[in-house]
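1. Predicted model follows, preceded by the sequence.
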Amino acid sequence: MSHVRKAFRKRCLTIAAAAVVTAVVAAPAQADTTVAEVTAKAETPTLFDDAAGGEATADDPAVWRDSNDPDKSLVLGTAKVGGLRVYDLAAHEVQSLPAPKAPSAEDEPGRINNVDVIDGANLAIATDRGRDKLVIYSIDRDRAEGPVKDVTAQNAAPYIFSADQDEVNEQATAYGLASWKDRKTGRIYAVVTQELNNQVALLELTNEANGTYGYRKIRTISFPSTFTLPNGTTWTPCEEPGEQPYLEGMRVDAANGMLYAGQEDVGLWRMRADLTGEPTLIDKVRDYGVPATWDPDSEECVPGEDPGFGGTHLTADVEGITLIDRPGGGGHVVVSSQGDSTFAMYDRDPAKGNAYVKSFRVVAGQGEGAIDGAEGTDSLEIVNQSFGSAYPQGLAVIQDETDTPTVTGDDGEPRDGTNYKYVDLRDVATATGLSFR
């Protein structure tokens, strides 16, 4: 979520009707609460979305690793109405794919929001927030016209949440995404969240003609929107009128079929990736349970007294989620705490309650030409494998909502820019004192 959108919503809460959710797993009392600091090794070109001629906003990255030649691996980054960008390991742009066109001048255009790479399939899946659909891409590093190609079968790509184009134009559409290949069946699935609502849908990719792909919906569920507090009262996060506490950042652990999902104003959830069973709230945002009321004049929520039921590691919004796979098993779930520009790390093992481990942030480097830090991060991707000479022990790609230094447009006004930072995973291991090997 952008800073503009975040400022508009603020942290707002209101008392509402009851609902019961699975108990929160408490972080261990001895957990280290200090925040480690790392710097970026490279950054992609700045993207702009403003009156000065920009048409793109960086949002969500995914990494495609070339197993035959890791030095030739690619980073895919969504650019919203600007489509999809493709970068090499030096953070240079190698391809730009436009967002799908609107059906007519009166309809919403495509808006590529989240993207995932499917391991072992040379495919990427993205949510088209503008048209309420998935877009499927094939990846071939040696393709002459560009390594990434749209292979969506339009006749097999239905709306995900909308009944018709009129509903699509209301933009309660496909938003967050987590996709994976089932290790037993080889089938490819995607879990997709709905903007403005607490709905989540499970989809399965389908093979269509001439190497194209479509998808079908299996089921849709609702995440909790009202919560029973320890003092017996109930609480619902305050949203703009007509909205529900919705989700965006997600990741599936294909090794055990678990989905990790971030409900932006609530916290981090875990549940079965097939969307059966009940979700478990692993950790809460700091202002969980704080009552507030919506003020229509200021278009903000006015918070009341904090009853003290919130967590200590996540500051809303809860955004991007990724995994650090450790060879031989184990690893970490990493979550973007957008409100304080940190990344919280949890034990990957559900049997250990996904206990909190450590947090880190990406700060500005020192000296002339140093790369700035990452602020207000929407999403990130971490791959704990060798990428050759550039990142021999793994790569973290992190969205920066406020790229600096600020660029001034022809009108003399500052242009708000976004981009992606590349961080050497060895630096994260050193700063946090954790082993990823």
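-> In hand now; what should we look at?
2. Beyond the lowest-mean-pLDDT helix or strand in the chain, next helix or strand please.
-> The least trusted helix or strand in the chain, going by mean pLDDT, DSSP states H and E, turns out to be strand 12-14, with a mean of 38. Following strand 12-14 in sequence order, the next helix or strand is strand 35-39 (DSSP states H and E).
3. Just the CA coordinates for that following strand, please, in PDB.
-> C-alpha atoms of strand 35-39 as PDB (Å, rounded to 0.1, in the frame of the first residue of the first chain):
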ATOM      1  CA  VAL A  35      16.700  -4.100  15.100                       C
ATOM      2  CA  ALA A  36      19.700  -5.100  12.900                       C
ATOM      3  CA  GLU A  37      20.700  -2.800  10.100                       C
ATOM      4  CA  VAL A  38      21.900  -3.700   6.600                       C
ATOM      5  CA  THR A  39      22.600  -1.700   3.400                       C
END
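4. Any stretches of this structure with poor pLDDT?
-> Across the chain, the ranges flagged by pLDDT under 70 are 1-33, 51-53.
5. show me where it has helices.
-> 3-9, 165-169, 425-432 (DSSP state H).
6. quick one: buried residues of the second one?
-> For helix 165-169, the neighbour count (16 or more other Cβ atoms under 10 Å) marks 165, 168-169 as buried. C-beta here means a position set from N, CA and C on the backbone, and glycine is covered the same way.
7. now stretch 409-420
-> 415-420.
8. Just name the closest of the residues you listed to residue 248, please.
-> Using Cβ to Cβ, residue 418 comes nearest to residue 248 of the buried residues of stretch 409-420, at 15.8 Å.
9. List the residues that contact that closest one.
-> For residue 418, the contact set (Cβ atoms under 8 Å, 6 or more residues apart in numbering) comprises 46-47, 49, 57-59, 399-403.
10. Filter those down to just the ones in strands.
-> 47, 399-400 (DSSP state E).
11. Of these - the most surrounded one?
-> Among those, the one with the most neighbours (other Cβ atoms under 10 Å) is residue 399, at 29 neighbours.
12. doesn't residue 47 make contact with that one?
-> No - the pair residue 399 / residue 47 is not scored as a contact, 10.2 Å apart, by Cβ atoms under 8 Å.
13. Find residues that contact each of the two.
-> 58, 418-419.
14. so how far is residue 251 from the residue nearest to residue 357 when sequence neighbours are not counted?
-> With sequence-adjacent residues excluded and distances taken as Cβ to Cβ, 6 or more residues apart in numbering, residue 357 is closest to residue 345, at 4.7 Å. Computed as Cβ to Cβ, to the nearest Å, the residue 345 to residue 251 distance reads 13 Å.
15. Residue 373 too?
-> Separation of residue 373 from residue 251 (Cβ to Cβ): 23 Å.
16. neighbour count winner among those two?
-> Legend: neighbour count by other Cβ under 10 Å for residue 373 and residue 251, higher for residue 251 (25 against 22).
17. Nearest residue to the more buried one in space, please, no chain neighbours.
-> residue 321 (4.3 Å).
18. Run a quick neighbour tally on residue 334.
-> Using other Cβ under 10 Å, residue 334 has 27 other residues around it.
19. okay but it is in contact with residue 321, surely?
-> Yes - judged on Cβ under 8 Å, residue 334 makes contact with residue 321 at a distance of 7.0 Å.
20. show me where the stretch 151-300 of the chain has strands.
-> Under the criterion DSSP state E, counting those that start in this stretch, the stretch 151-300 of the chain contains strands at 174-181, 188-194, 199-207, 213-222, 227-228, 234-238, 247-253, 258-263, 267-272, 280-284, 292-295, 300-303.
21. And for residue 81, the neighbour number?
-> Residue 81: 18 neighbours (other Cβ under 10 Å).
22. swap in residue 428?
-> When neighbours are counted by other Cβ under 10 Å, residue 428 registers 26.
23. what sits against it?
-> With Cβ under 8 Å, 6+ apart, residue 428 has these contacts: 36, 38, 360, 382, 396, 434, 436.
24. What of residue 89?
-> 71-73, 75, 387-388, 390-391, 395, 422 are the contacts of residue 89 under Cβ under 8 Å, 6+ apart.
25. Skipping its backbone neighbours, what lies nearest it in space?
-> Nearest to residue 89 is residue 390, by Cβ to Cβ, 6+ apart, at 4.5 Å.
26. What separation do you get for the one you found and residue 284?
-> 38 Å.
27. who has more neighbours, the two?
-> Using other Cβ under 10 Å as the criterion, residue 390 and residue 284 rank with residue 284 on top: 22 against 18.
28. Bridge partners for that one, pull those for me.
-> Beta-bridge pairing of residue 284, defined through DSSP bridges, involves residue 267.
29. I'd say it and residue 263 touch.
-> No - in this structure, residue 284 is not within contact of residue 263 by Cβ under 8 Å, at 9.8 Å.
30. Spit out the contact partners of the closest residue to residue 212 other than its chain neighbours.
-> Computed as Cβ to Cβ, 6+ apart, the closest residue to residue 212 that is not its neighbour in sequence is residue 153, at 3.9 Å. By Cβ under 8 Å, 6+ apart, the contact list for residue 153 reads 208-209, 212-214.
31. How are the strands of the stretch 301-437 of the chain distributed by residue range?
-> Using DSSP E, counting those that start in this stretch, strands in the stretch 301-437 of the chain cover 318-325, 331-337, 342-347, 356-363, 380-383, 395-400, 407-408, 414-415, 417-424.
32. starting at the chain centroid, how far to the fourth one?
-> Okay, so that is strand 356-363. What separates the centre of strand 356-363 from the centre of its chain is 17 Å, taken as Cα atoms, centre = their mean, to the nearest Å.
33. So what's the gap between stretch 278-295 and the chain middle?
-> A distance of 19 Å separates the centroid of the chain from that of stretch 278-295, by Cα atoms, centre = their mean.
34. Isn't the residue nearest to residue 357 up against residue 359?
-> Yes - the criterion here is Cβ under 8 Å, and residue 345 meets it with residue 359 at 6.7 Å.
35. Buried ones in stretch 189-206, by neighbour count?
-> Within stretch 189-206, the residues scored as buried using 16+ other Cβ under 10 Å are 189-203, 205-206.
36. Same question for stretch 342-361.
-> Here stretch 342-361 shows 342-350, 353-354, 356-361 as buried, counting by 16+ other Cβ under 10 Å.
37. now swap in stretch 83-96 and tell me
-> Neighbour-count burial for stretch 83-96 flags 83-89, 91, 95 (criterion: 16+ other Cβ under 10 Å).
38. go on, stretch 394-409?
-> Residues 394-403 are the ones in stretch 394-409 that count as buried (16+ other Cβ under 10 Å).
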